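# no letters, just coordinates:
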């Protein structure tokens, strides 16, 4: 349900932004993330993890400018990804059964023209990540949903292929802020606040179309 609500809100926000924008750029591509988690705090209880994970996924991203001459725009992105490998305390963990995770970003970006119609973008915003998993190993299924808000910083170079098409190469950094863990089983739901001491670096490459 939370994923569905978040997706509907993301679509509504995107449609509203593009309706009032004078210039838009939409990108699709792929990313590979390197994540480090030193500790997780759940309801004031800190748990040392020393975890590292890699994620492979895809994204759709857009930038909208309210004026054709403006260098400040609104940046938005939706990503989906699958954890391909994980280590906790130096021991590998099987991630083959891990579900696909989603995140949604909204922020601001500054665009700086370069030579030959290319340009550089630097931006930041807030990311909401959603992960949900159901454990059916017991007599009663247990569903766990994690929602995490993070600070996003990104830098991107767009190489002009023609007047409206670009090859974009960039990197995004994520700093976790706060989140909630919700567990449901047998009609009983429990929720806890949590935070992560860690960092994620996500290089990405894609193709953009401006209109």
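The structure has been received and is ready for your questions. This is a predicted model, so every value here is computed, not measured. Numbers count the residues shown, from 1 in each chain.
# please count neighbours and contacts with C-alpha atoms only from this point.
Will do.
# any idea how far residue 92 is from the nearest residue to residue 163 once chain neighbours are set aside?
In space, residue 163 comes closest to residue 117 once its chain neighbours are excluded; the distance is 7.4 Å by CA to CA, 6 or more residues apart in numbering. Distance of residue 117 to residue 92, given as CA to CA, to the nearest Å: 46 Å.
# got the phi/psi numbers for the residue of the chain most remote from its centre?
The outermost residue of the chain, judged against the average C-alpha position, is residue 139 (34.2 Å), by CA atoms, centre = their mean. Note on residue 139: its backbone torsions stand at phi -70, psi -30 [degrees, to the nearest 10].
# cool, and residue 117?
phi 80, psi 0.
# mind starting the numbering at 163 from now?
Got it, first residue is 163 now, which makes that one residue 279.
# residue 312 touches residue 289, doesn't it?
Yes. Assessed by CA atoms under 8 Å, residue 312 is found in contact with residue 289 at 5.1 Å.
# residues in contact with the closest residue to residue 346 other than its chain neighbours?
With CA to CA, 6+ apart as the criterion, residue 346 has its nearest non-adjacent residue at 5.2 Å, and that residue is residue 305. By CA atoms under 8 Å, 6 or more residues apart in numbering, residue 305 lies in contact with 294-297, 345-347.
# got a ChimeraX select line for the buried ones in those residues?
Here the buried members of the contacts of residue 305 are turned into a ChimeraX selection, burial being counted by 16 or more other CA atoms under 10 Å:
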select :294,295,345
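# where does the chain have low pLDDT?
For the chain, residues meeting the criterion pLDDT under 70 lie at 163-184.
# tell me where it has strands.
185-204, 207-227, 234-250, 253-255, 263-275, 281-297, 304-324, 327-347, 350-372 (DSSP state E).
# helices or strands up against the first one?
Read it as strand 185-204. strand 207-227, strand 350-372 (3 or more CA pairs under 8 Å, 6 or more residues apart in numbering; DSSP states H and E).
# how far does it sit from the chain's center?
Between the centre of strand 185-204 and the centre of its chain there are 4 Å (CA atoms, centre = their mean, to the nearest Å).
# name every strand pairing with that strand and say which way it goes.
strand 207-227 (antiparallel), strand 350-372 (antiparallel) (DSSP bridges).
# the residue nearest in space to the middle of the chain: what's it in contact with?
Centroid-nearest residue in the chain, with CA atoms, centre = their mean: residue 265, separated by 3.9 Å. Contacts for residue 265 (CA under 8 Å, 6+ apart) come out as 240-242, 289-292.
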